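Novice: Got a predicted structure here, sequence first:
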Amino acid sequence: MAITWILVANASLAKLYANLGPNKGLKLVKELVHPESRKKNADLVTDRTGTGHGNGSYEPPTAPKEHAARTFAHEIAREFYTGRNANRFARAILVAPPNFMGMLNSTLDGPTAQLVSDRFEKDYTKASEAQIKQRLASCIFL
């Protein structure tokens, strides 16, 4: 039976569910929390100055919250990479707000990204399992 992983995430919380087949419902596999993404930019910045290793190329500054969100997206991508290599799922569905979905898409490796069958640009992290089932009914039999 092909297992489907369903990720419901935003920049500070990710819930990873598994669906073991038609009419089997959802099973929470893992919950990842990233409290740094909830902090304000000012709380994420240090007072230390840079090391001065300039190489002549300009890099636009990245907002600290965006950097924290990207770090979390990489953590989620590692989880999917590990799961794919261990054959723990054969299909994936991603549910995340548009900005964070972009970060997830850019961090997933190619073979893992190919297993993503559906993407929903919504924030369902506060939705109950029943609501998630209802909202994903178009792409999976839960």
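Specialist: Ah, there it is. Residues are numbered from 1 along each chain as shown.

Novice: so where do the strands sit in this protein?
Specialist: Shown for the chain, the strands assigned by DSSP state E span residues 4-9, 13-19, 27-33, 91-95, 116-120.

Novice: relative orientation of whichever helix in the chain runs longest and strand 13-19 in degrees?
Specialist: Determined from DSSP state H, the single longest helix within the chain is helix 64-85. Counting by axes from the mean of the first three to the mean of the last three CA atoms, to 10 degrees, helix 64-85 points 20 degrees away from the direction of strand 13-19.

Novice: Tell me the helices and strands packed up against helix 64-85.
Specialist: Packed against helix 64-85, as judged by 3 or more CB pairs under 8 Å, 6 or more residues apart in numbering; DSSP states H and E, are the following elements: strand 4-9, strand 13-19, strand 27-33, helix 41-44, helix 98-107, helix 110-113. All C-beta atoms are positioned from the backbone trio N, CA, C, and that covers glycine.

Novice: Check the strands of the chain for me and report the most buried one.
Specialist: Ranked by mean neighbour count under mean count of other CB atoms under 10 Å, the strands of the chain are led by strand 4-9, which reaches a mean of 25.

Novice: Can you report the mean pLDDT over the residues of that one?
Specialist: Strand 4-9 comes out with an average pLDDT of 97.

Novice: In its sheet, which strands sit next to it, and in what direction?
Specialist: If you go by DSSP bridges, strand 4-9 pairs up with strand 13-19 (antiparallel), strand 91-95 (parallel).

Novice: Need the strands of the chain in TSV (columns: distance to Ile140).
Specialist: Formatted as TSV, those follow (distance: least, CB to CB, whole Å):
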stretch	distance to Ile140
strand 4-9	6
strand 13-19	6
strand 27-33	13
strand 91-95	7
strand 116-120	8
